[in-house]
Structure formats: structure tokens, C-alpha cells
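> Curious how this folds, go ahead:
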Amino acid sequence: MSLLPTRGAGLGQVFRIPEFRALWFAELVSTAGDQLARVGLSVLVYGRTGSPVWAALTYALTFLPALAGGVLLGRLADRHPRRTVMIVCDLARAALVAAMALPGTPLPAVCALLVAVVLISPVHAAAQGALLPEITPGVALESALAVRHVTNQGAQVCGFAVGGLLVAVLSPAAALGLDAATFAASALVLWLGVAARQAPEPYGGLLAASGRAWWADTREGLHVVLRDPRCRVLVATVWLVGCSVVPEALAVPYAEQLGLTTSAAGLLMAADPAGSVLGAWAFMRFVPERARQGAVGPLAAAAALPLGLCALSPGLGATVLLWATSGACATACLVQCQADFVRALPPHVRGRAIGVAASGLVGAQGLAMLLTGWAAEIWGARAAVAVCGVVGFGLAVGLAAGHTPSAVSPEDEYLPVGAVRASG
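Just a heads-up that it's a prediction; the model follows:
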């Protein structure tokens, strides 16, 4: 009996693939641990310094170095066996986080260790993203991506909630120790559950043997993403739709502007993740496979439009519904964009290209949050969210005009960018 999901099967059918189960579980454990560590770090740093600035800086360091890590280090996912890259990254992160948890570690050393952890993370993500199409080929890829979106959202929410409880009951150092243990557990699961594969072989093996400089490899990843029109539109759509999380950063001032309490801000912050879960499920359940590629442009616009409607001054219930709708459309769009993007990439450069795309997403989200925060200072949070939605809608419509369905069917082998499936 085939281990691959059948056409029209639900999301759960992808768990019939043993290697995907291992990959999924390893990611779930480490993601929950990451959220736990973020809580622990914030409490640890604030407890030592009493400074909100230091606490905010430390939290920012859990995101910002990923900008450089994905672009500069993504090549490692193409130069070495991808399972090996993930295991080494997990073990390295376990050691670094464990060092952060040691009593008496100076604060500058904690920050330096944290930067190293975050720099390594995009390498793991690039190797995982590049390996996923080999583990879940054909129509299983969209299901795998949708499942990962759903479980990552849940792991983040649970990690923050449980992290707060554990830090209160135990200590920030214990939370960091548990995070280190999750990385070690992830490495063990990958070693036991994912088959060993050779490093990707470039055309004729010449590229791997050429010994080119790191910058040349990095430049090739950038060129693959930016030179091919289809890849360029897909990755730009991912970066744009990723900015739909911006309202979460403005949830507290938005609730205050509505004259509501902080509990209302919690509802607003939960709206996007809840919509994301529903959107991933509904997209895979109700949208036919033949229509999914063509839905990317409309979904990108639909993710921005509800935010623009905040200009109409909706109440709390309507705002929650609008933000949840935005999250649902954004996640559905991301699932298909990611699948189409990966299929368009030559296997030997897939890790670098995914690293570039992931770094661009982090940068786009950071820039969008900075700009909307500045706009909220001037016009108020509600107007800032509305402007974000209107601008996003206009950009999405422009990108939709340049989006063309891929010539690569989910049933085909993965072809190099620009290649056309042979007829006959």
C-alpha cells in the first residue's frame, strides 16, 4: 500500500509517511522549546538588569540575526547531507543554549550565545525546507506545508503559555535547560526517523568540486530567486503576505484606542493564529488541486483587504473576525506559494534559495512592523492597520498580475528553474 496521501485526502493523511512524522515531531518539539526560551530569556535578563530596554533587546536578538544567517549560511544545506546539517545544527544549539543556562554566565556572553543560536537556526530551516519535497513528493507537499503551519502556530501559543507557567514555577535557567533538551531530542528523532541521503549533486558534480567562495554561492542563491520571473513573484508574494502579522504588534494600542482592556488585546492577538489554522485546513479541504495555483493572487489580496476595512472603525467582534479572515487567507496563500516556489528550484541550490526567502520574510516583517509602529504614533493604531491593509492590497493586486501558474505539475519530478516539462 502506498505511503503517500491520496487525492482529496485530509491533512492527517500526510502522517502516513514515516519520515514526515519524524520531521514534523522534531520541529514541533524544538519550536515549543524556542518559545519557552524566549520567555525565560526575557525574565532572566530583566531580573538581572531591571531594564526594559535590555529585555526588549534580548527578545529582538531571537529574530534579527536570522536576516544574515539565511542568506550567508544557507549554502551549508546544499553542500552537505541535509539530515546531517539538521542534526549538527540541533546539537550545536543544544550546547549553546545549555551554556546560556549556566549560573553566572555574563549578560554579554548570553547575548553572544543567543546570536549564535539564531544564526544557526536558518541553516536548519533551509535544510529542512530543501529536504521536505523529497520526503513528501507530489501532492503531499501542500499537505505537509499546511500541517506544519497549523502545528507551528499551536506550538508557539502553547510554548508561550507553558513557558510563562514553568518560568514562574521553576526558574529562567530551568526554562533554558529545557529548551536545550528539546534541541537534543530533535536531533535524536531526526537521526532515528529520517533516512540518510547524500549531499545534492549539482549538474555533473562540477559545482560541488569547484571550491567557489562563500559569496559566489550566496550570489547564486540570490540570482536563482531574483532572476526567474516566476520565483521572483512567488517570493515577493510570500514576503508581502507575511506582513499580515503586523496587527499583532499593534493589538495593545488598538484595544486601548477602542477603550477596551488588555484582555481584548489578547483576543486580537489570538485572531491571526486562529484564522491561520482554519485557513490551512479549509484550503486543503475545499480548494481543488487544479485551482490552487491560480488562487495565490486573489488570496494575497484577500489577506490585506480585511485590514484595510479597519478604517471603518469596527468594534471588537468585527475586528477579531477581520483579523482572523486575514490570517486565514494569508496562510492559505503561503502554503501554495511555498509549494510552488520549492518546485521551481533546482535541488542543488534549494537550500540557499530557501535561506534567501526566509531571511527576506524576516526583514519584510521587521520593516513592516517598524513602519506601522511609526504610523501608529502619528495617526493611531487603527489608522496604521488600515493603511497597512490598503498598501498591501495594492501591492498584492500588482503581484497577482505577474503570477503565472507553474508548468511543473505536483506529479512531476522537480525541474530546474526555467525548465519546461517535456510533452509526449
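> could you check the distance from the closest residue to F15 other than its chain neighbours over to V150?
On the basis of CB to CB, 6 or more residues apart in numbering, the spatially nearest residue to F15 that is not a chain neighbour turns out to be R21, at 5.5 Å. C-beta here means a position set from N, CA and C on the backbone, and glycine is covered the same way. When distance is defined by CB to CB, to the nearest Å, R21 is 15 Å away from V150.
> now A116
Per CB to CB, A116 is found 30 Å from V150.
> quick revisit: correct me if wrong: the residue nearest to F15 contacts E27.
No: with contact defined as CB atoms under 8 Å, R21 does not reach E27; the gap is 11.0 Å.
> Of the two, which one has the most company?
In this view R21 and E27 are compared by other CB atoms under 10 Å, and E27 has more residues nearby, 21 against 16.
> which stretch of helix or strand covers that one?
When secondary structure is defined by DSSP states H and E, E27 falls within helix 18-49.
> counting contacts, what elements does that helix pack onto?
The criterion is 3 or more CB pairs under 8 Å, 6 or more residues apart in numbering; DSSP states H and E, and the helices and strands that helix 18-49 contacts are helix 52-61, helix 82-101, helix 107-135, helix 140-169, helix 172-193.
> could you give me the average pLDDT of that helix?
Per-residue pLDDT values over helix 18-49 give a mean of 82.
> What residues of that helix count as buried?
Within helix 18-49, the residues scored as buried using 16 or more other CB atoms under 10 Å are 19-46.
> quick check: angle from that helix to helix 82-101?
For helix 18-49 against helix 82-101, the angle between stretch directions is 20 degrees (axes from the mean of the first three to the mean of the last three CA atoms, to 10 degrees).
> ok, back up a step: what about the helices and strands packed on helix 18-49, which gets the closest to A68?
Taking CB to CB as the criterion, A68 comes closest to helix 107-135 out of the helices and strands packed on helix 18-49, the separation being 6.8 Å.
> The closest one - contacts with which helices or strands?
Other elements packing on helix 107-135 under the criterion 3+ CB pairs under 8 Å, 6+ apart are helix 18-49, helix 52-61, helix 66-73, helix 76-79, helix 82-101, helix 140-169, helix 316-343, helix 350-379.
> Turn the ones you listed into a markdown table, including distance to R232.
Putting the helices and strands packed on helix 107-135 into a markdown table (distance: least, CB to CB, whole Å) gives the following:
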| stretch | distance to R232 |
| --- | --- |
| helix 18-49 | 28 |
| helix 52-61 | 29 |
| helix 66-73 | 16 |
| helix 76-79 | 20 |
| helix 82-101 | 25 |
| helix 140-169 | 20 |
| helix 316-343 | 10 |
| helix 350-379 | 11 |
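> Quick one, which of the helices and strands packed on helix 18-49 gets closest to F283.
Distances from F283 to each of those were compared by CB to CB, and the smallest falls on helix 140-169, at 6.8 Å.
> How far does that closest one sit from its chain's centre?
When C-alpha coordinates are averaged (CA atoms, centre = their mean, to the nearest Å), helix 140-169 and its chain have centres 12 Å apart.
> start at 29 instead
From this message on, residue numbering opens at 29, which makes the last subject helix 168-197.
> Quick one: mean pLDDT over that helix.
pLDDT averaged over helix 168-197 equals 76, rounded to a whole number.
> got the angle between it and helix 46-77?
Using the same axes, to 10 degrees, the interaxial angle of helix 168-197 with respect to helix 46-77 works out to 30 degrees.
> Would you mind measuring the gap between the ends of stretch 126-138?
Between the start and the finish of stretch 126-138 there is a gap of 11 Å, counting by CA to CA, to the nearest Å.
> For the protein, spot the helix or strand the model is least confident about on average.
Least confident helix or strand, the chain: helix 234-237 with a mean of 42, by mean pLDDT, DSSP states H and E.
> Report the next helix or strand after it in sequence order.
Past helix 234-237, further along toward the C-terminus, the next helix or strand under DSSP H and E is helix 242-255.
> Report all helices and strands that that next one contacts.
Contacts of helix 242-255 with other secondary structure elements, assessed using 3+ CB pairs under 8 Å, 6+ apart, are made with helix 94-101, helix 257-270, helix 378-407.
> Would you mark the buried spots in the second one?
Which is helix 257-270. Buried residues in helix 257-270, counting neighbours by 16+ other CB under 10 Å, are found at 258-259, 261-270.
> Let's have those in TSV, adding pLDDT.
Converted to TSV, the buried residues of helix 257-270 look like this (pLDDT from 0 to 100):
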residue	pLDDT
R258	87
C259	89
V261	91
L262	92
V263	93
A264	93
T265	94
V266	93
W267	92
L268	93
V269	88
G270	82
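> Could you work out the most separated pair of the residues you listed?
The largest distance within those, taken as CB to CB, falls between R258 and G270 and amounts to 18.7 Å.
> how much space between the residue nearest to F43 and L72?
Taking CB to CB as the criterion, R49 is separated from L72 by 34 Å.
> try P316
As judged by CB to CB, P316 and L72 stand 50 Å apart.
> Read off the pLDDT value for the residue sitting nearest the centre point of the chain.
Residue closest to the mean C-alpha point of the chain, counted by CA atoms, centre = their mean, is A386 at 6.9 Å. Note on A386: pLDDT of 83.
> coming back round to it: now tabulate the buried residues of helix 257-270 in a markdown table and tack on distance to Q393.
Supplementary listing: these in a markdown table, determined by distance: CB to CB, whole Å:
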| residue | distance to Q393 |
| --- | --- |
| R258 | 23 |
| C259 | 20 |
| V261 | 19 |
| L262 | 17 |
| V263 | 14 |
| A264 | 14 |
| T265 | 14 |
| V266 | 11 |
| W267 | 8 |
| L268 | 10 |
| V269 | 10 |
| G270 | 5 |
